[in-house]
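**Student:** Model the following, please.
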Amino acid sequence: MNVHRPELADVVRTHQEDLLARWNSVLSREQRKALRDIANCRSAALGGRVQQCQATARARWLAQREAELLPVPYFHVVFTLPASIGRLALQNQKQIYAILFRTAANTLLETAAEPRLLGASIGFLAVLHSLVRTT
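**Tutor:** Down below sits the predicted model:
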């Protein structure tokens, strides 16, 4: 039996009108475009949907990415904005996220350089992962 499992595009298509009614005034042009692209994902608007088993291709891709990893320990560090800054960040993204990234970078570099802690020069990769709470 082929049971359709809802995907993000399904959820967006179902609730996009309500979401825009509530949040359109604070969404940037790029966010509205991303929302449209998600809604159109795997639809006829973007060339349709192809169903096929890609387990072997996925496993091969994962093995190739794993081979690229450096044989060094790593740490996952998360910096979170206080909820009180959430709406401000939605309306002033470039400024707030620039401050967040700059502060996170300085914190990581200074903490790692501290001789009592690590005493090292480090490299890092920063990724913005946002979550909008509606309550």
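**Student:** check which helix or strand covers residue 88.
**Tutor:** Using DSSP states H and E, residue 88 sits within helix 86-91.
**Student:** Could I get the CA-only coordinates of that helix as PDB?
**Tutor:** Written as PDB, here are the backbone C-alpha positions of helix 86-91 (Å, rounded to 0.1, in the frame of the first residue of the first chain):
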ATOM      1  CA  GLY A  86      12.300  37.500  18.100                       C
ATOM      2  CA  ARG A  87      10.000  40.000  16.600                       C
ATOM      3  CA  LEU A  88      12.800  42.600  16.400                       C
ATOM      4  CA  ALA A  89      14.800  40.000  14.400                       C
ATOM      5  CA  LEU A  90      12.000  39.400  12.000                       C
ATOM      6  CA  GLN A  91      11.800  43.100  11.200                       C
END
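**Student:** Give the buried residues for that helix.
**Tutor:** The neighbour-count check on helix 86-91 (16 or more other CB atoms under 10 Å) flags 89, 90 as buried. Heads up, the C-betas are built off the backbone N, CA and C, glycines and all.
**Student:** Packing partners of it?
**Tutor:** helix 93-113 (3 or more CB pairs under 8 Å, 6 or more residues apart in numbering; DSSP states H and E).
**Student:** The nearest residue to residue 93 once chain neighbours are set aside and residue 101, how far apart?
**Tutor:** Of all residues not flanking residue 93 in the chain, residue 28 sits nearest, at 6.5 Å (CB to CB, 6 or more residues apart in numbering). According to CB to CB, to the nearest Å, residue 28 stands 17 Å off from residue 101.
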